[in-house]
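Visitor: have a look; sequence and predicted model below, questions after that.
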Amino acid sequence: MSSSTIDSRRFFRLDMPVYAHILPRNRIPACDFFATPTIYLTKQRQALASDKLVEAKDWLAKVKEDTDLAGVVLKDIIKRIAFFNDVMQAVQAGRAPFKLEDYSRNLRLAKAENEHLEAYKVSAPKSYAFFKGIENKIKAYLNELHYMAQNSDSREIKYRQLLCITPTQADQNLSILKNSKFDGLALPQFIRVLTEYVNLSLDSFLEFQKDSVLKRYPTQWESITANLSEGGIRLEQSKALKPGESVCVAFHSDSYASVIGIKGSVVACDPVAKTAHYCLRINFDFPDRSQQMLIQKIMNQFEISQCADWMANAG
């Protein structure tokens, strides 16, 4: 259904921080485990990953040290990420990935040590450590995906560990490589961009996992800026929903800790240029008057606090 055929008469009024969680009301029928029509490995995310891969290859062409190692690692990681994406496509559709053709063989290959990388453990220890961090992160995500698929059913999704809790070595390495002292240095920049390429795909499962778990823990929701009115909400998120999709919008604010739950319909979900985000616009399904008044009260409180802050700073 196109956004032009959906009721979008209600306007959006105020940008304010909220803690929000949004998921479709409907689930995918006859799936292997609980899943909704939410796209996590989005076209936007895949396009950004493709751009990062091109950038990584550009830096690889400039590398003068450990050239063979870098080239071998790139080919290996591309294969592993391609397999990860196939698995993630199945998971977001509620299909057990081990039903994919050659799943067992490809999983075994993706989880195996890169023999060429191991050969550089002594001769290029610094490069080895950075590349090993990337390899280990991919393996950790694949292990968690496999565990989830094997132990979940149509009623619930089970995880062994929450991947968002502890930063991996690859994440720590990435923060180091973003230091300006590495600007223009081919090998560090190659490793940095390669890590970003990997993260764009892996983060699709991170978002899937967060949605599955965090809906039960409102205090753990991230603060985002949403454009809010009594009749709808607009915000950015890194997952995609289809226009016309029926959704449940849950949110709370710093001034109102109780969660407000409202049913709504997606008016539009448009990609935000040069990011992995989508601009999501939702019309509330005519919430009752008490809900409308509560939302209005929350917005008024925020506006008053903003005015008070402005007056204090001006004085």
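Guide: Looks like it arrived, so ask away.

Visitor: any idea how far Val249 lies from Thr38?
Guide: Distance check for Val249 against Thr38: by CB to CB, to the nearest Å, it reads 14 Å. Every C-beta, even on glycine, is put in place using the N, C-alpha and C of the backbone.

Visitor: please apply the same query to Pro188.
Guide: Pro188 sits 36 Å away from Thr38, going by CB to CB.

Visitor: and Glu236, what is it in contact with?
Guide: Ile224, Val272, His277, Tyr278, Cys279, Leu280 (CB atoms under 8 Å, 6 or more residues apart in numbering).

Visitor: put the buried members of these into a ChimeraX selection.
Guide: To isolate the buried members of these in ChimeraX, using 16 or more other CB atoms under 10 Å:
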select :277,278,280
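
Visitor: just the element for the residue nearest to the spatial centre of the chain, please.
Guide: Of all residues in the chain, the one closest to the mean position by CA atoms, centre = their mean is Glu207, 4.0 Å from it. Following DSSP states H and E, one finds Glu207 within helix 186-214.

Visitor: what's the answer for Ile298, then?
Guide: Using DSSP H and E, Ile298 sits in helix 289-314.

Visitor: show me what that helix is packed against.
Guide: Under the contact criterion of 3 or more CB pairs under 8 Å, 6 or more residues apart in numbering; DSSP states H and E, helix 289-314 touches strand 14-24, strand 223-229, strand 260-271.

Visitor: quickly note the distance from Glu144 to Ala61.
Guide: Taking CB to CB, one finds Glu144 at 34 Å from Ala61.

Visitor: which one of these two has more residues nearby?
Guide: Glu144 (18 against 11; other CB atoms under 10 Å).

Visitor: wait, what's in contact with the more buried one?
Guide: Glu144 makes contact with Tyr159, Arg160, Gln161, Leu163, Phe205, Gln209, according to CB under 8 Å, 6+ apart.

Visitor: which of those are buried?
Guide: Leu163, Phe205, Gln209.

Visitor: and of these, the nearest to Ser152?
Guide: Taking CB to CB as the measure, Ser152 lies nearest Gln209 of the buried ones among the contacts of Glu144, at 11.6 Å.

Visitor: about what we covered before: between the contacts of Glu236, which sits nearest Phe130?
Guide: Using CB to CB, His277 is the member of these that sits closest to Phe130, with 28.1 Å.

Visitor: identify the bridge partners of the nearest residue to that closest one once chain neighbours are set aside.
Guide: Using CB to CB, 6 or more residues apart in numbering and skipping the chain neighbours, the partner closest in space to His277 is Glu236 (4.5 Å). Judged by DSSP bridges, the bridge partners of Glu236 are Cys279.

Visitor: pLDDT at Glu236, what is it?
Guide: Predicted confidence (pLDDT) for Glu236: 96.

Visitor: distance of Ile224 relative to Phe131?
Guide: Using CB to CB, Ile224 is found at 34 Å from Phe131.

Visitor: same check, this time on Ala93
Guide: From Ala93 over to Phe131 the distance is 32 Å, taken as CB to CB.

Visitor: comparing the two, which shows the higher neighbour count?
Guide: Between Ala93 and Phe131, counting by other CB under 10 Å, Phe131 is the more crowded of the two (27 against 14).

Visitor: could you look up the SS state of the more buried one?
Guide: Look at Phe131: counting by DSSP: H, G, I helix; E, B strand; the rest coil, its state is helix.

Visitor: any idea how many residues pack against the closest residue to it other than its chain neighbours?
Guide: Nearest in space to Phe131, with sequence neighbours left out and distances taken as CB to CB, 6+ apart, is Val73 at 4.8 Å. If you count neighbours by other CB under 10 Å, Val73 ends up with 26.
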